[in-house]
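Asks: take a look and give me a structure for this.
(one chain, ligands or ions: 1)
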Amino acid sequence: MILPEKQPTIQAVPQAAEAPHASRNAGTALAPEWFEHVAVNLSAAERRAATLVTRRTVKKAWQAAWLVRAITCIDLTTLSGDDTAGRVHRLCMKAKRPLAAELQAALGLQEERITVGAVCVYPTMVPHAVKALRGTGIPVASVATGFPAGLTPLPQRLAEIRYAVEAGAGEIDIVITREHVLTQNWRALYDELRAMREACGQAHMKAILATGDLATLRNVYRASMVACQAGADFIKTSTGKEAVNAILPVGLTMVRAIRDYQALSGQVVGFKPAGGMRTAKDALNWLILMKEELGTAWTMPDRFRLGASSMLGDIERQLEHFATGRYSASHRHALA
Ligand SMILES: O=C[C@H](O)COP(=O)(O)O
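Replies: As a prediction, the model looks like this:
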């Protein structure tokens with residue numbers, strides 16, 4: 001069984017011109033007038049998020065194509081206290097070939113080079129990932145800045161970014177100081193993010209807002225806009241360690257900020273939901289949100305990533321079911 005040859009809404013594999021690292025957000029001066037007056041209605045956001053994913057359903061070959069696309073957008077992640085060189089190496093092997101050769105052939109994609117979007121690890125694991133991914137073009141993303149709480153002094157947080165960049169990370173997932181948002185100290189938040197972006201150099205910066213800690217959707221919108229103004233290349237929902245991680249109403253609020261920022265500045269910022277996503281259905285729901293709110297360009301890995309440690313296995317199972325009519329046991333897809 002093969003995927004449809006012509007896929008008007010979603011292609012299985014991104015084109016070269018759309019590869020990661022295509023462009024950067026230069027940012028703007030801090031402009032509180034772009035966000036201070038904006039109110040976000042919680043129940044309206046919840047309603048919109050709920051109807052978005054029920055109104056549009058993606059079936060059969062189209063669903064398979066979307067799931068293959070989702071794989072190319074995954075930041076395959078391990079962020080555990082017991083991470084080892086061996087675990088990171090195994091994850092990188094999976095990143096290089098996320099689908100078994102027979103399954104890829106059964107989907108009619110044997111000629112395609114399908115990889116995940118990036119591998120995301122702690123700073124001291126970066127050298128292991130860089131070594132395992134050399135020559136593949138798959139970027140290594142490193143968390144930094146005292147992940148997950150971000151409560152170490154700024155010089156140390158900036159030094160950590162530089163360490164990860166020097167070790168070969170092409171993307172840095174920083175965490176913000178939540179207190180700056182909770183006390184509405186936009187200048188402090190902006191200056192901190194600017195310094196972090198500077199420390200990133202050529203590496204792309206993903207700003208983790210830890211939205212589960214930000215109390216209100218209004219704060220989520222404001223923090224998103226400040227991160228965009230400070231030059232974040234992506235804004236990311238969560239560390240995966242908060243009590244509430246990636247959820248659709250929060251994602252909707254963040255992508256609306258990305259949309260407003262583009263309208264006001266002409267610049268593009270990517271989006272990364274992360275944390276707690278485990279199923280193929282989660283991946284489809286986020287892709288639907290992106291397509292409906294920002295358009296097809298935001299369903300490509302240069303503008304969209306799914307931060308997940310254990311979603312790939314379920315996507316493989318669904319693709320296997322599509323190709324063979326049978327579900328494999330989930331333990332066969334234990335890794336990631
Ligand atoms: O940035 C990615 C997250 O830490 C992954 O969270 P997860 O383990 O819940 O998938």
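Asks: and residue 175, its phi and psi?
Replies: Here is the backbone geometry of residue 175 (degrees, to the nearest 10): phi -110, psi 150.
Asks: for it, list the residues it contacts.
Replies: Residues counted as contacts of residue 175 (Cβ atoms under 8 Å, 6 or more residues apart in numbering) are 143, 145-150, 208, 210, 239. All C-beta spots, glycine's among them, are computed from the backbone N, C-alpha and C.
Asks: any idea how far residue 191 is from the closest residue to the ligand within the chain?
Replies: As assessed by Cβ to the nearest ligand atom, the ligand sits closest to residue 240 within the chain, at 2.5 Å. According to Cβ to Cβ, to the nearest Å, residue 240 stands 26 Å off from residue 191.
Asks: between those two, which one's more packed in?
Replies: Of the pair residue 240 and residue 191, residue 240 is the one with more neighbours under other Cβ atoms under 10 Å, namely 22 against 15.
Asks: what parts of this protein come near the ligand?
Replies: 77, 79, 120, 239-240, 274-277, 307-310 (Cβ under 6 Å from any ligand atom).
Asks: the same query, at a cut-off of 8 Å, please.
Replies: Within the chain, the positions adjacent to the ligand are 75, 77, 79, 120, 143, 173, 208, 236, 238-241, 245, 272, 274-278, 307-311 by Cβ under 8 Å from any ligand atom.
Asks: derive a PyMOL selection command for the buried subset of the residues you listed.
Replies: Applied in PyMOL, the following selects the buried portion of the residues of the chain next to the ligand according to 16 or more other Cβ atoms under 10 Å:
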select buried, resi 75+77+79+120+143+173+208+236+238+239+240+245+272+274+275+276+277+307+308+309+310+311
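Asks: just after the helix or strand of the chain with the lowest mean pLDDT, pick out the following helix or strand.
Replies: Least confident helix or strand, the chain: helix 42-55 with a mean of 91, by mean pLDDT, DSSP states H and E. Sequence order places helix 60-73 as the next helix or strand after helix 42-55, per DSSP states H and E.
Asks: check what pLDDT the nearest residue to residue 99 once chain neighbours are set aside gets.
Replies: Nearest non-adjacent residue to residue 99, counting by Cβ to Cβ, 6 or more residues apart in numbering: residue 114, 6.0 Å away. Listed pLDDT for residue 114 reads 96.
Asks: what about residue 114, helix or strand, and which?
Replies: Under DSSP H and E, no helix or strand contains residue 114.
Asks: neighbours around it, how many?
Replies: Residue 114 has 17 neighbouring residues, counting by other Cβ under 10 Å.
Asks: likewise for the one 5 residues further on?
Replies: Burial measure for residue 119: 32 neighbouring residues, criterion other Cβ under 10 Å.
Asks: could you give the bridge partners of it?
Replies: Beta-bridge pairing of residue 119 under DSSP bridges involves residue 76, residue 140.
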